[in-house]
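# sequence plus the predicted model coming up.
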Amino acid sequence: MAYGETKVYFDGSHYIAIPHTERKTFRRPKPPEEIITVTEPTQEQPQANKDESAVTGTVIAPIPLVEESDEQVTEQADSTPQTVKESPKTERKTTRKELFDELYQESLSVKKSERRKRIIAAMLPYFKNETETAYYVDRNLERKQRNLICRRVRLSRKINLQDFNYFVTFTYNDALHSEDSFKKGLKTTLNNFSARKGWKYVGVWERSPKKQRLHFHGLFDIPEGTMPPMMIEVNDYNFNTHKRQITHQNTYFNDRFGRSDFETIKDKSTLGSAVAYIMKYLEKTGEKIVYSKGLPQYFISDIMDEDILCPFGMEDKKLLLYDDFRCWDEGVLMGNVSKSVIAQMRKSN
């Protein structure tokens, strides 16, 4: 036995093993974040019109007499001191990291260079100088980019180990729900289908560009015979392609939440387009990916020398496997790799 207890994942083309290591891990203590006071301008509430004539239409203000000269009016106006009214401000306690995350989220729609300039300008009052501010911002931008890469890798590995058969869109209907009740109700329903009928899904919340209507897009693995009745075909018009199309909708979800569209995933190209559509929202809107239970990144298998094509990666720490390598579980041969064999193997995240 060459390598025991390796973590194996599928990258879309090949199976890759990560050998088990006994390296000890140490938890690095993080110093507590310094609390800073952030001062923000408060938006003024529109004041009520003191002139009741705006409401009743009756003139109440006294009409100046003709005998009053313009000189008296000018003299009175000049004698009144002019004061600049300062806009009210509010103060709140936070940390630099929390402030950075807020500013980063607000500037997601702009280019990266402009985003960096905005964040540095907003955080400058909370550092000694601009150099220190730029260093802090650049370090946290690298953190965000690194986290984004990790989320993409995790998403692709989870998806590649599953057999998704539907790309589904659920659209919010304000006649049935508020946005909060729509999200809560749909999440509860999908969790119930996952626990009771074996549904698996991965998806993301997003809003339409023009109307800002809330949607949920997801890849679904729906076992045969577990789809609630009934599916209907609707002759619809696609405003993106400007063509008529036939959409498949489910009355169970239509009646409870709004519109539902079920598109069958027929091949890898359709799956790749759906994955790319979901993945772009990781950076575009900063939305979190919603996963169901039972979506692992790896399965655990012992790997023999003859099943290894070659080592690769940084310092050759990964193993590229043959497409028909054998799966072993604690010395027991489970068979050549396949979906049915992988389903029997232990999983890991």
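Looks like it arrived, so ask away. Numbers count the residues shown, from 1 in each chain.
# helices along the stretch 51-200 of the chain, start to end?
Listed in chain order, the helices of the stretch 51-200 of the chain (DSSP state H, counting those that start in this stretch) span 53-56, 70-79, 96-106, 112-123, 130-160, 179-197.
# closest to Ala2 out of the ones you listed?
helix 130-160 (22.9 Å; C-beta to C-beta). For every residue, glycine as well, the C-beta is placed using N, CA and C.
# what sits closest to Lys7 if chain neighbours are left out?
Tyr298 (3.9 Å; C-beta to C-beta, 6 or more residues apart in numbering).
# any idea how far the one you found lies from Pro228?
Using C-beta to C-beta, to the nearest Å, we find Tyr298 at a distance of 32 Å from Pro228.
# for Glu224, helix, strand, or coil?
Look at Glu224: counting by DSSP: H, G, I helix; E, B strand; the rest coil, its state is coil.
# residue numbering should commence at 572 henceforth.
Got it, the first residue is 572 from now on, which makes the last one we talked about Glu795.
# and for it, the neighbour number?
Using other C-beta atoms under 10 Å, Glu795 has 6 neighbouring residues.
# please apply the same query to Lys683.
Look at Lys683: counted by other C-beta under 10 Å, it has 10 neighbours.
# for the one 4 residues further on, same thing?
Other residues lying near Arg687 total 17 when counted by other C-beta under 10 Å.
# about what we covered before: could the helices of the stretch 622-771 of the chain go into JSON lines alongside distance to Gly774 and mean pLDDT?
JSON lines is the format used below for these (distance: least, C-beta to C-beta, whole Å; pLDDT from 0 to 100):
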{"stretch": "helix 624-627", "distance to Gly774": "51", "mean pLDDT": "40"}
{"stretch": "helix 641-650", "distance to Gly774": "65", "mean pLDDT": "46"}
{"stretch": "helix 667-677", "distance to Gly774": "20", "mean pLDDT": "91"}
{"stretch": "helix 683-694", "distance to Gly774": "27", "mean pLDDT": "93"}
{"stretch": "helix 701-731", "distance to Gly774": "11", "mean pLDDT": "93"}
{"stretch": "helix 750-768", "distance to Gly774": "9", "mean pLDDT": "93"}
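# tell me where the model's unsure across the protein.
572, 613-658, 808-813, 854-857 (pLDDT under 70).
# need the residue closest to the centroid of it.
What sits nearest the mean C-alpha location of the chain, by C-alpha atoms, centre = their mean, is Glu858, with 1.4 Å.
# quick one: that one from Cys881, how far?
38 Å.
# got it, and Asn736?
Distance from Asn736 to Cys881, by C-beta to C-beta: 34 Å.
# those two: who's more crowded?
Asn736 (16 against 9).
# what's the neighbour count on the closest residue to that one other than its chain neighbours?
Using C-beta to C-beta, 6+ apart and skipping residues adjacent in sequence, the residue nearest Asn736 is Ile836, 5.5 Å away. Counted with other C-beta under 10 Å, the burial measure for Ile836 works out to 19 neighbours.
# what ranges does the stretch 772-920 of the chain have for its helices?
Using DSSP H, counting those that start in this stretch, the helices of the stretch 772-920 of the chain run over residues 822-827, 839-855, 910-915.
# could you dump the ones you listed to TSV with distance to Gly789?
Below are the helices of the stretch 772-920 of the chain laid out as TSV (distance: least, C-beta to C-beta, whole Å):
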stretch	distance to Gly789
helix 822-827	12
helix 839-855	8
helix 910-915	21
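# closest to Tyr586 out of those?
Comparing the helices of the stretch 772-920 of the chain against Tyr586 with C-beta to C-beta, the closest turns out to be helix 910-915 (9.6 Å).
# what residues sit buried inside the closest one?
Residues of helix 910-915 classed as buried: Val912, Ile913 (neighbour count, 16 or more other C-beta atoms under 10 Å).
# and it, how far out from the chain middle?
How far helix 910-915 lies from its chain's middle: 30 Å, per C-alpha atoms, centre = their mean, to the nearest Å.
# what helices and strands are in contact with it?
strand 897-900, strand 903-907 (3 or more C-beta pairs under 8 Å, 6 or more residues apart in numbering; DSSP states H and E).
# out of the ones you listed, which one sits most buried?
Highest mean neighbour count of these: strand 897-900, a mean of 20 (counted as mean count of other C-beta atoms under 10 Å).
# show residues contacting it.
Contact partners of strand 897-900, identified using C-beta atoms under 8 Å, 6 or more residues apart in numbering, comprise 572, 870-875, 878, 904-908, 912-913, 915-917.
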